[in-house]
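Enquirer: Below is the sequence, then the predicted model.
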Amino acid sequence: MVKRSLIVLMWLFAHLVQAELLIEVTQGKQSAIPVAVVPFSWNGSSALPEDISAIVTNDLASSGYFRTLGTASMITQPHQLNDVIYADWSRLKQDFVVIGTVELQADGYAVQFHVMDVHQQVEILRHRVKGKASQLRDLAHYISDFIFKKLTGVPGVFSTKLIYVTTNRERSRFNLNYADADGAREQLIYSSKHPIISPAWSPDAKKVAYVSFENGRSEIFFQELATGKRERVVAFDGSNSAPAFSPDGTRLAFVLSKLGNPDVYVMDLASRKIERMTNHYAIDTEPQWDVDGRHIFFTSSRAGGPQVYKLDTANKQVERVTFEGSYNARARITADGRKLVYVHKANDRFHIASQDVKSGLVHILTSETELDESPSVAPNGSMVIYAASEADRSILAAVSVDGDVKFRLPSKYGDVREPAWSPIFQ
Amino acid sequence: MSWLNPERYSLPLVISVVLHIVVASLFLVEWPTEPHVPEPVPPHVVATVVQVQSAAEKQRQLEADKQQKRKELAARREAERKKKLAEQKKREAEQKKKQAAAKKREQEKALKEKALAEKQAKDKAAKEKAAKEKAAEQAKQKAVQEQNLLEQMAQEEAAAELKEQQEAKIQAERAASLTLEFTDQIKARVESVWRYPPAVTASQEVEVRITLVPTGQVLQVQITKSSGNTALDRSVEQAIRKASPLPVPKDVRVFEANFRSFLMKFRPENATW
């Protein structure tokens, strides 16, 4: 009896001290999140100037992180929280559902929207935004940003802007344009009969820098977006090009070629003093600040073909970064500093590639377009916009950083080149 | 001590049988009787009244008579005395004889009794001895039996213990293999539905406690350690809900031991974006 109870006790004890079951999951799917945006209800008599839920759907779908459900596939189209039947959306393999209502009020429009977690069957976001008729598109982008941030943990970039250069076929007119991140609402901010190249945003998104040949040689100009006020900032003897603002906005990296050999320089914007950063007989160009504000990535031909190097501005030490292939140029870093995006030549074709900074793993993102150039990364690191050749024209295309989502931005006018994605507006 | 069991009447039965035997043996066994000894009869005197004649004559006669009578009396007395004596003697002899007989009888009886007693004692002793021996034998046997029983019990217990241990071992092995099997199944199932959000790093980790019902249906998902990224945390919660019901062993003990409530850790190690 004693023995038996002892055994039982030991057995119990053994079970008590036994480590609790722990299951580790280390592999998941890195694919777009399925989300259903139900058309928002609208109590007005005439159609809305902008279809808000359609813009939200498009924003999410084009972000690369979401897969939206077509309205035709929806079993129900609820507008109120109580009307949401989670089982239906679960059957449609949706992870999230967005519903909303648009109301016309005395001072404009009011949009109320909810985001529901289909699997946990809870509302996870509810918000109400207001705006005038002219701001409906902004409202929609704002809603998209809100949803994006909630569901991904990453800020949305739907309210951000693009600047890019367009030229006519004859190359007699060069325009600097400003548009929504989805290519809508394009505005002309500067036009010249001389080439405009290398536009770059200041970190506060209030001004842009670009190279203009209006004075017969390449000079760097700043232009305030709100006022249109221009300033010639870098105009040394020789060729001044490839401006890049430091993350804190106090310095400008650029390329100066005094005697035909381009090198990277840094200008302190307050004092306008410059410092030479590279001194090499090879070409050093296309500087881009690392997120730490100390290092600069640049393209150099010092090893023969163009490769990306990393410069420490404190001690001017240079370190090669790219090793795959014979051509890697025009590097851009994601805002989180984890990925380097650049033009990569493979099989005699130019494509956009991303390189994991830590592991060095290279992933070619584009394949359908040709002569891909000038990549610019969205401020949240989700997308890359770049210029590409298509049917003898230069167009803008975007690709998600995983290469899964690709789309083209509509262009109304000739060739489109050198896109620059704005920072997130505060 | 089953015979003490009041429901089985064993004790009353034994008592009644013993009583019957005792009563029956009372008829068989002669009680030793007391020897009858007669009371000694006391000698009694017979007196005779004599008539007196003339004085002289009478006297003489009386005298002669007297004399005679005295003689006669004396003789009678003598005779009587003799007779008495003889009687006495005879009586005494008889008595003696009687006494002797009685004595003898008594002696015999005593002897008999003694013999009987001896016999009885002997018997008793023999009996006792036998009983003792028997008891000793029984005790010995009992001891042996008990010893055997104890040994048997010990053996049985040891065997049972061994069996129990073996069974426990088998059960534990079975439980372990079942646990492993279903751990893999749960892992595979959850992995197949876990879609994590962008901008996660391989080192981010979410730990959750999952509570199931025996059908595998997810009752509760509780984040015990957040990754700091709510979107990643939510993706984990969703994955578990999506995977519900989870594959769990049918064996209730294994289920209760490991799958009623357990922990899961999620790390997006294959994250590249």
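Expert: On my side now, so go ahead.

Enquirer: rest of the way, CA atoms for contacts and neighbours
Expert: OK.

Enquirer: helix, strand or coil for B:Ile15?
Expert: helix (DSSP: H, G, I helix; E, B strand; the rest coil).

Enquirer: gap between A:Asp180 and A:Trp201?
Expert: Relative to A:Trp201, A:Asp180 is positioned 14 Å away (CA to CA, to the nearest Å).

Enquirer: in stretch A:142-149, what counts as buried?
Expert: A:142-148 (16 or more other CA atoms under 10 Å in any protein chain shown).

Enquirer: and the nearest residue to B:Met264 once chain neighbours are set aside, what does it touch?
Expert: On the basis of CA to CA, 6 or more residues apart in numbering or on different chains, the spatially nearest residue to B:Met264 that is not a chain neighbour turns out to be A:Ile23, at 4.6 Å. By CA atoms under 8 Å, 6 or more residues apart in numbering or on different chains, A:Ile23 lies in contact with B:183, B:187, B:263-265.

Enquirer: which bits of the stretch 51-200 of chain A sit near chain B?
Expert: Counting by CA under 8 Å from any CA of the partner chain, the stretch 51-200 of chain A comes close to chain B at A:65, A:95, A:119-120, A:150-154.

Enquirer: If we use 6 Å, what do you get?
Expert: Neighbours of chain B within the stretch 51-200 of chain A, by CA under 6 Å from any CA of the partner chain: A:119, A:151-153.

Enquirer: Would you convert those into CSV that also reports secondary structure, pLDDT and distance to B:Arg253?
Expert: Converted to CSV, these look like this (DSSP: H, G, I helix; E, B strand; the rest coil; pLDDT from 0 to 100; distance: CA to CA, whole Å):
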residue, secondary structure, pLDDT, distance to B:Arg253
A:His119, coil, 93, 30
A:Leu151, helix, 92, 39
A:Thr152, helix, 89, 40
A:Gly153, coil, 87, 41
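
Enquirer: Can you tell me which of those are buried?
Expert: For these, a burial check counting by 16+ other CA under 10 Å picks out A:119, A:151-153.

Enquirer: quick check, the lowest-mean-pLDDT helix or strand in chain B touching chain A?
Expert: In chain B, no helix or strand scores lower on mean pLDDT, DSSP states H and E than helix B:62-193, which sits at a mean of 81. Yes: residues of helix B:62-193 are located near chain A by CA under 6 Å from any CA, namely B:Glu191.

Enquirer: go on, stretch B:266-273?
Expert: Yes: Stretch B:266-273 lies within reach of chain A by CA under 6 Å from any CA, at B:266-270, B:273.

Enquirer: quick one, helices of chain A?
Expert: A:2-17, A:52-62, A:86-91, A:136-152 (DSSP state H).

Enquirer: List of residues touching stretch B:199-208?
Expert: Outside stretch B:199-208, the residues that touch it by CA atoms under 6 Å, 6 or more residues apart in numbering or on different chains are B:222-227, B:263-269.

Enquirer: Most neighbours of all the residues you listed, which one?
Expert: For the contacts of stretch B:199-208, the largest neighbour count, defined by other CA atoms under 10 Å in any protein chain shown, is 27 neighbours, found at B:Phe266.

Enquirer: What's opposite the residue lying closest to A:Ser394 once chain neighbours are set aside in the beta bridge?
Expert: Take A:Ser394 and drop its neighbours on the chain: the residue closest to it by CA to CA, 6+ apart is A:Asp415, 4.6 Å away. Applying DSSP bridges to A:Asp415 yields these beta-bridge partners: A:Thr167.

Enquirer: which residues does A:Asp415 contact?
Expert: A:Asp415 touches A:166-167, A:393-394, counting by CA under 6 Å, 6+ apart.

Enquirer: Buried among the residues you listed? Make that a ChimeraX selection.
Expert: Buried residues among those (16+ other CA under 10 Å), as a ChimeraX selection:
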select /A:166,167,394
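
Enquirer: ok, back up a step: between the buried residues of stretch A:142-149, which is nearest chain B?
Expert: Nearest to chain B among the buried residues of stretch A:142-149: A:Phe148, at 10.1 Å, using CA to the nearest CA.

Enquirer: so A:Glu319 sits right up against A:Gln307, yeah?
Expert: No: between A:Glu319 and A:Gln307 there is no contact under CA atoms under 6 Å: 10.7 Å.

Enquirer: okay, those two: which has more neighbours?
Expert: Using other CA under 10 Å, the more surrounded residue of A:Glu319 and A:Gln307 is A:Gln307, with 27 against 12.

Enquirer: Tell me, how many residues neighbour the closest residue in space to that one that isn't next to it in sequence?
Expert: Leaving aside its chain neighbours, A:Gln307 sits nearest to A:Asn328 (4.8 Å; criterion: CA to CA, 6+ apart). By the criterion of other CA under 10 Å, A:Asn328 has 28 neighbours.

Enquirer: Could you do B:Leu111 as well?
Expert: Neighbours of B:Leu111 (other CA under 10 Å): 14.

Enquirer: how close does it get to B:Glu118?
Expert: From B:Leu111 to B:Glu118 the distance is 10 Å (CA to CA).

Enquirer: next one: A:Phe40
Expert: Separation of A:Phe40 from B:Glu118 (CA to CA): 127 Å.

Enquirer: next one: A:Asn240
Expert: From A:Asn240 across to B:Glu118, the span is 150 Å (CA to CA).

Enquirer: What is the neighbour count of the residue lying closest to B:Val254 once chain neighbours are set aside?
Expert: Sequence neighbours aside, B:Ala175 is the residue nearest to B:Val254 in space, at 5.6 Å (criterion: CA to CA, 6+ apart). The tally of other residues near B:Ala175 (other CA under 10 Å) stands at 20.

Enquirer: Quick check: B:Ala175 vs B:Pro197, distance?
Expert: Counting by CA to CA, the separation of B:Ala175 from B:Pro197 is 36 Å.

Enquirer: quick one on the thing from earlier: what's the pLDDT at the residue nearest to A:Ser394?
Expert: We have a pLDDT of 89 for A:Asp415.

Enquirer: swap in A:Ser326?
Expert: The model reports A:Ser326 with a pLDDT of 92.

Enquirer: for it, what are its contacts?
Expert: By CA under 6 Å, 6+ apart, the residues touching A:Ser326 are A:Gly305.

Enquirer: hmm, who's touching stretch A:160-173?
Expert: A:174-181, A:192-193, A:414-422, A:424.
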